[in-house]
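> Got a predicted structure here, sequence first:
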Amino acid sequence: MVLGRLMATLKTKLRTLKMKTSVVDDGNSSHSYDKIEKSESMRVEIRSKKARKLIEETLRVADSPRTTKSYSF
């Protein structure tokens, strides 16, 4: 008896959640997101981050206390 009421409560909560998500979707059948096109400034920022990372890695290798002249790049 208690289990039956619990199941009924869960079912109604699931139905209300489904109705809320369908209202939020505005007619879309799935959760699709618009892809943002990269602007030139975003591309420059990405390149500069990659360059900084490469410089940091190179400096770390150069400053390492190894006596051999082996490079990881």
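Okay, I see it.
> Below-threshold pLDDT in this structure: ranges please.
Filtered on pLDDT under 70, the chain yields the residue ranges 20-31, 66-73.
> Show me the helices in it, by range?
2-25, 40-62 (DSSP state H).
> Kindly reformat the ones you listed as JSON lines containing mean neighbour count and distance to Y33.
Just so you know, the C-beta spots here come from the backbone N, C-alpha and C atoms, and that holds for glycine as well. Converted to JSON lines, the helices of the chain look like this (neighbours: other C-beta atoms under 10 Å; distance: least, C-beta to C-beta, whole Å):
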{"stretch": "helix 2-25", "mean neighbour count": "10", "distance to Y33": "12"}
{"stretch": "helix 40-62", "mean neighbour count": "10", "distance to Y33": "17"}
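> In a markdown table, list those helices along with distance to S32.
Below are the helices of the chain laid out as a markdown table (distance: least, C-beta to C-beta, whole Å):
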| stretch | distance to S32 |
| --- | --- |
| helix 2-25 | 9 |
| helix 40-62 | 22 |
